[in-house]
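In: Okay, predicted coordinates and the sequence, questions at the end:
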Amino acid sequence: MAERMAGRYRQLFEVRILHHYWLDRGASVFDRITDQAMKARLLQAYDVRRLLGIRPTGSTRVALAANQCLFEETALGFVVLLKGSASLPADSAFEFMIVVRDSRFFDYSALTLRPQRIHEAYDRSEGVTCRYKENVPVVSNLSGATRGAGAGKLLFLSRRYRPLAPNEQVEALGLSGTALGQLTSDGPDARVQQLAADANDLPVYLHQGDVPAIIPPAGVVGVPARGVRLSDDVADDVFALISLSAVRPGDSAFSFVDAAGRAKSSPPLYQLRIRNRSTFWIYVNKTTGVVDSVESDALPLTHFGNAGQKQKPSERLVKVEKTGAIISRLVSEVHV
């Protein structure tokens with residue numbers, strides 16, 4: 001059956017959603033692991049379906065069916081297939097919702113401290129109540145960034161990093177010159193930890209710049225500054241949205257159809273990377289309760305490996321230290 005299906009359909013594109021909590025090994029970022037056998041084992045053990053669900057929006061389901069396309073979730077993300085003889089209009093666009101399945105996801109994922117509250121605002125001119133969800137990222141092949149070139153070119157759906165602003169919040173990712181930095185406290189005097197001297201040496205993680213500004217209808221108040229509008233298409237449980245267009249003007253590598261509207265002979269592989277949370281590890285003597293030592297830098301939480309010199313903490317034991325409303329650091333206590 002699978003062989004007959006492969007003959008009738010061609011892959012239009014693939015999206016991989018890779019979470020670094022499950023793929024990094026201690027302080028070693030997955031992309032920098034040189035042991036190819038180890039990388040293969042990490043990928044083989046990975047299944048994003050345990051963490052996140054991906055589903056097409058209602059209008060996308062209709063569009064996929066109308067254009068003879070199939071959607072399938074995979075262990076690494078999802079694929080969309082196009083019937084071999086079919087073609088797509090150049091203005092075709094599909095949207096996919098990401099929803100959270102693993103209750104621990106918000107413990108070990110960076111940039112999940114910002115609430116995704118739902119807001120309602122009444123539009124008097126239309127006589128309807130508009131609903132919005134704040135801090136929902138929207139990633140797209142029209143604005144995604146790349147790493148590498150030629151056959152090794154990687155297509156990320158997240159935007160290019162922007163320079164870190166003075167008012168950014170803890171865990172924000174961005175540029176400090178050419179380096180990639182991450183805030184370990186809130187602004188305005190936030191501490192920045194360098195992740196890479198050259199930002200191009202690391203993948204493009206999902207970051208705060210992926211959350212779009214909301215422009216409400218004229219006269220509508222009470223709308224959050226950033227996020228998405230909810231609708232019959234975009235459900236309340238959305239964590240992030242993936243928006244894919246058939247053609248990206250000026251960069252055909254991101255397009256998923258050729259000039260004739262057919263599936264490309266080398267279909268694009270899009271990537272969405274989610275960074276694991278980093279915390280300051282405080283080692284506490286489990287007998288006396290006295291603090292033994294504190295790591296000088298925030299260390300990444302990972303399922304495999306250990307970024308510290310002693311026992312690693314549980315991802316569930318993250319504490320938020322504040323001075324007033326300002327987060328001063330994220331802490332993990334390790335009882336040794």
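Out: Ah, there it is.

In: hey, where'd the helices end up in the stretch 51-200 of the chain?
Out: 58-66, 105-108 (DSSP state H, counting those that start in this stretch).

In: Can you tell me what sits against the first one?
Out: This points to helix 58-66. For helix 58-66, the surrounding residues in contact (Cβ atoms under 8 Å, 6 or more residues apart in numbering) are 56, 69-71, 80, 92, 94-96, 232-233. C-beta: built from backbone N, CA, C; applies to glycine.

In: gap between it and the chain center?
Out: In terms of Cα atoms, centre = their mean, to the nearest Å, the centre of helix 58-66 is found 24 Å from the chain centre.

In: what residues are up against the residue nearest to M97 when sequence neighbours are not counted?
Out: Nearest residue to M97, sequence neighbours excluded (Cβ to Cβ, 6 or more residues apart in numbering): V238, at 4.8 Å. Applying Cβ under 8 Å, 6+ apart to V238 gives the contacts 97-99, 133, 136, 228, 230.

In: likewise D258?
Out: 264-265.

In: re the thing from before, using the three-state scheme, assign the residue nearest to M97.
Out: The assignment at V238 comes out as coil when based on DSSP: H, G, I helix; E, B strand; the rest coil.

In: Next, work out how far apart it and G227 are.
Out: 10 Å (Cβ to Cβ, to the nearest Å).

In: Between these two, which contacts overlap?
Out: 133, 136.

In: of all the helices of the stretch 51-200 of the chain, which lies closest to K153?
Out: helix 58-66 (26.5 Å; Cβ to Cβ).

In: Could you pull up the contacting residues of D233?
Out: 57-60, 95 are the contacts of D233 under Cβ under 8 Å, 6+ apart.

In: ok, so of the contacts of helix 58-66, who is nearest I242?
Out: After measuring the contacts of helix 58-66 against I242 - Cβ to Cβ - the closest member comes out as F96, at 4.4 Å.

In: Next, find the distance separating T302 from A213.
Out: Distance from T302 to A213, by Cβ to Cβ: 33 Å.

In: between these two, which one's more packed in?
Out: T302 (24 against 8; other Cβ atoms under 10 Å).

In: quick one on the thing from earlier: possible to save the helices of the stretch 51-200 of the chain as CSV with mean neighbour count?
Out: Shown next, in CSV, are the helices of the stretch 51-200 of the chain (neighbours: other Cβ atoms under 10 Å):
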stretch, mean neighbour count
helix 58-66, 15
helix 105-108, 18
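
In: Which of those sits closest to K310?
Out: Checked against Cβ to Cβ, the stretch from those lying closest is helix 105-108, at 19.2 Å.

In: contacts for the closest one?
Out: So helix 105-108 is contacted by 21, 51-52, 100, 112, 276-277, 301, 315-316, 318 (Cβ under 8 Å, 6+ apart).

In: closest one to H207 among the helices of the stretch 51-200 of the chain?
Out: Here helix 105-108 is closest among the helices of the stretch 51-200 of the chain (Cβ to Cβ), at 16.5 Å.

In: contacting residues for the closest residue to L157 other than its chain neighbours?
Out: Spatial nearest neighbour of L157, excluding adjacent residues (Cβ to Cβ, 6+ apart): V139 at 3.8 Å. Applying Cβ under 8 Å, 6+ apart, we find V139 in contact with 157-159, 206, 210, 240-243, 272.

In: Tell me where the stretch 151-300 of the chain has strands.
Out: Secondary structure of the stretch 151-300 of the chain (DSSP state E, counting those that start in this stretch): strands at 154-156, 173-176, 179-183, 192-196, 227-229, 240-245, 269-274, 278-284, 291-294, 299-300.

In: now these in CSV, with distance to S332, mean neighbour count and mean pLDDT?
Out: Shown next, in CSV, are the strands of the stretch 151-300 of the chain (distance: least, Cβ to Cβ, whole Å; neighbours: other Cβ atoms under 10 Å; pLDDT from 0 to 100):
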stretch, distance to S332, mean neighbour count, mean pLDDT
strand 154-156, 29, 20, 98
strand 173-176, 20, 19, 96
strand 179-183, 16, 22, 98
strand 192-196, 15, 15, 96
strand 227-229, 29, 21, 97
strand 240-245, 25, 22, 98
strand 269-274, 19, 22, 98
strand 278-284, 4, 20, 95
strand 291-294, 11, 13, 90
strand 299-300, 8, 22, 97
